[in-house]
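K.L.:
3D, please:
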Amino acid sequence: MGKMRCDCGYIHSDTCGYDGDLFKENEWLVSEDKQDNLDPLSVFECQECGNLMIDNPRNTREMLSYRPSNGKYNKILHDNER
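P.N.:
Got it, this is the predicted structure:
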């Protein structure tokens, strides 16, 4: 993916360490033994505003944004080892 811009204007790289995978609960439960069949959505957390940007499963060229109710960067996806 390279770089993406958050709604707040912050520019992210897809190797930033503030990313993760999102699985649908029913996929995870059904596929627990067959994890190679899982198709997770990529999730990125903005270090500036805390916005979560999630792959849109219906449009691969679009990210959906969700803002935290406290309006802060909460380090939900922060990798403490980086």
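K.L.:
neighbours around the residue nearest to residue 10 when sequence neighbours are not counted, how many?
P.N.:
Counting by CB to CB, 6 or more residues apart in numbering, residue 10 lies nearest to residue 48, which is 3.8 Å off, once chain neighbours are set aside. (Each C-beta comes from the backbone N, C-alpha and C, glycine too.) A total of 13 residues lie near residue 48 under the criterion other CB atoms under 10 Å.
K.L.:
Kindly give the local confidence score, pLDDT, for residue 48.
P.N.:
You'll see residue 48 listed with a pLDDT of 89.
K.L.:
which residue ranges form the helices in the chain?
P.N.:
Remark: helices assigned in the chain by DSSP state H are 25-30.
K.L.:
Scan it for its longest strand.
P.N.:
Longest strand in the chain by number of residues, with DSSP state E as the criterion: strand 59-66.
K.L.:
can you give me the offset of that one from its chain's centre?
P.N.:
Strand 59-66 sits 10 Å away from the centroid of its parent chain (CA atoms, centre = their mean, to the nearest Å).
K.L.:
which helices and strands sit right next to it?
P.N.:
On a contact count with 3 or more CB pairs under 8 Å, 6 or more residues apart in numbering; DSSP states H and E, strand 59-66 meets strand 52-56.
K.L.:
For the strand it packs on, which strands pair with it and how are they oriented?
P.N.:
Its sheet considered, strand 52-56 pairs with strand 41-45 (antiparallel), strand 59-66 (antiparallel) by DSSP bridges.
K.L.:
Any chance of JSON lines for those strands, columns mean pLDDT and distance to residue 6?
P.N.:
As requested, these are exported to JSON lines (pLDDT from 0 to 100; distance: least, CB to CB, whole Å):
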{"stretch": "strand 41-45", "mean pLDDT": "86", "distance to residue 6": "8"}
{"stretch": "strand 59-66", "mean pLDDT": "87", "distance to residue 6": "7"}
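K.L.:
Check the ones you listed for me and report the most buried one.
P.N.:
With neighbours defined as mean count of other CB atoms under 10 Å, the strands paired with strand 52-56 peak in mean count at strand 41-45, which reaches a mean of 19.
K.L.:
Low-confidence stretches in this structure?
P.N.:
For the chain, residues meeting the criterion pLDDT under 70 lie at 1-2, 14-18, 26-37, 79-82.
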